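Asks: quick check, what structure comes out for this input:
(2 chains)
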2 protein chains.
Amino acid sequence: MEEWDEYEYKPKNVKEIFIEMKNTAELMVDLAYSSVLFGEEEIAEEVLELEEYLDLLNYHLMVHAVLAARSPKEAEQITSILQMAHSIDDISNAAADLAKMVLDGLELHPVIKEAILGSEEIIGKVIVSPDSILVGKTLEELDLASSTGVWIIAIRRGKRWIFAPEGDVKIFAHDVLIGRGTQTSMDYLKEIARGIIKVVSNE
Amino acid sequence: MEEWDEYEYKPKNVKEIFIEMKNTAELMVDLAYSSVLFGEEEIAEEVLELEEYLDLLNYHLMVHAVLAARSPKEAEQITSILQMAHSIDDISNAAADLAKMVLDGLELHPVIKEAILGSEEIIGKVIVSPDSILVGKTLEELDLASSTGVWIIAIRRGKRWIFAPEGDVKIFAHDVLIGRGTQTSMDYLKEIARGIIKVVSNE
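Replies: All right, here's what the predicted structure looks like:
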């Protein structure tokens, strides 16, 4: 299916498509808030590309699901998949609407950024210093979600963005990490990134 | 305003209402997935109550926002608040739709639970053993989001539920913690809850 070609990951069955949809919608929400917070059009554009990807996933899910129904009981169960997919799609559309605010160049009220920074889980930006222990390690090795509580959603390396970085991505000095977590987690990661804390707790 | 009465927290201004809306919508999504995963109607009912609360917050936000506009520039900025509130409301409605699947007694396809358990961030259930170091400590002391990467969204204590527990809530033996995090984080918290790991990393 050539539509998948621009994405590395090609889900094979209903379960995989479904997981990919859920992960994508969650990433879209995080990226949408990031684009609003930092006024970053490139992040907002990524959200809109992911929206198209999610629509495609949704289409393939429907095709797979409809083909799978062989009895009324199965049909009811499969309806539940389509309903949940619909909710996931609604979430992704809401994220896309947020991203469009950035791309439309809407004059944002300062309270919007304050709200994103004042929530229980916040979005934060962390710059990696050359003497940080993060440098040269992969995200899989570091497992920052478990060791610091910060979920890395994007990395800016010079002018290039890496969205939803995989475990094999290595961190370089001067990388800008965009993450989601509590204020405490974010502060902890900042100390590590600045080279002040020299050990990650799960090592 | 008596509508707030059943909720402890009473936001005072646009920023506070906005933060409360964002936190509430995010909690609703987590709880909605939890209700689907565990087939828990009480969690699903909480999601629907939070939906009503969020509608009320949205109404008060609009009243505050409209009153605040004094110039065309301010009006544009305030429009951005209403747009973002609309997106947050869409997310909360999607969560409510998920919860309704549970309350409608829909026959759920097994792939739905597999997808929730196979996502990058999963929902998990952890039972606190009497000899766990968690017992007798408050959530604020433990700061599990930073120390384990697991975000606690609800606690079941006997037949009672505590949703979105505050920092002053103390953990008791036999509490059931419902959390969101990576598989690794969840496994780590389980070892702590079982009493196998005797220290939390931030202590």
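Asks: going along the chain, name the helices of chain A.
Replies: When assigned using DSSP state H, the helices of chain A occupy the ranges A:14-38, A:41-68, A:72-103, A:110-118, A:139-142, A:144-147, A:183-193.
Asks: tell me if the first one is near chain B.
Replies: So the one you mean is helix A:14-38. Yes: counting by Cβ under 8 Å from any Cβ of the partner chain, contacts between helix A:14-38 and chain B involve A:V14, A:K15, A:F18, A:I19, A:K22, A:N23, A:E26, A:V29, A:A32, A:V36. No exception for glycine: its C-beta is placed from N, CA and C like everyone else's.
Asks: still on that earlier bit, now tabulate the helices of chain A in CSV and tack on distance to B:D131 and mean pLDDT.
Replies: Shown next, in CSV, are these (distance: least, Cβ to Cβ, whole Å; pLDDT from 0 to 100):
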stretch, distance to B:D131, mean pLDDT
helix A:14-38, 35, 96
helix A:41-68, 45, 94
helix A:72-103, 39, 95
helix A:110-118, 38, 95
helix A:139-142, 31, 96
helix A:144-147, 23, 94
helix A:183-193, 27, 97
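Asks: A:R194 touches A:S132, doesn't it?
Replies: Yes: between A:R194 and A:S132 a contact is recorded at 6.6 Å, counting by Cβ atoms under 8 Å.
Asks: ok, these two, which is more surrounded?
Replies: A:S132 (22 against 15; other Cβ atoms under 10 Å in any protein chain shown).
Asks: what's the burial count for the closest residue to the more buried one other than its chain neighbours?
Replies: Nearest-residue entry for A:S132: A:G195, 4.5 Å, with adjacent residues in sequence omitted and distances by Cβ to Cβ, 6 or more residues apart in numbering or on different chains. Residues near A:G195, counting by other Cβ under 10 Å, number 15.
Asks: do you know how far A:G195 is from chain B?
Replies: As for A:G195, its distance to chain B is 20 Å (criterion: Cβ to the nearest Cβ, to the nearest Å).
Asks: residues contacting that residue?
Replies: Under the criterion of Cβ atoms under 8 Å, 6 or more residues apart in numbering or on different chains, the contact partners of A:G195 comprise A:S129, A:P130, A:D131, A:S132, A:I133.
Asks: now do the contacts for A:Q183.
Replies: Applying Cβ under 8 Å, 6+ apart as the definition, the contact partners of A:Q183 turn out to be A:I122.
Asks: which member of the residues of helix A:14-38 next to chain B is positioned nearest A:L106?
Replies: A:V36 (9.7 Å; Cβ to Cβ).
Asks: isn't that closest one right up against B:M84?
Replies: Yes: A:V36 is within contact range of B:M84, at 7.3 Å (criterion: Cβ under 8 Å).
Asks: what's the overlap in contacts for the two?
Replies: Between them, A:V36 and B:M84 have A:L98, A:M101, A:I112 as joint contacts when contacts are counted by Cβ under 8 Å, 6+ apart.
Asks: now the last one. Nearest residue, chain neighbours left out?
Replies: Read that as A:I112. B:M84 (5.8 Å).
Asks: before we move on, what about the first one?
Replies: Using Cβ to Cβ, 6+ apart and skipping residues adjacent in sequence, the residue nearest A:L98 is A:A32, 3.9 Å away.
Asks: just among the shared contacts of A:V36 and B:M84, which is most surrounded?
Replies: Ranked by neighbour count under the definition other Cβ under 10 Å, the shared contacts of A:V36 and B:M84 are headed by A:L98 with 27 neighbours.
Asks: OK, contacts around that residue?
Replies: Residues in contact with A:L98, defined by Cβ under 8 Å, 6+ apart, are A:A32, A:Y33, A:S35, A:V36, A:V47, B:M84, B:S87.
Asks: could you redo the last one with a cut-off of 7 Å?
Replies: A:L98 is in contact with A:A32, A:Y33, A:V36, B:M84, B:S87, counting by Cβ atoms under 7 Å, 6 or more residues apart in numbering or on different chains.
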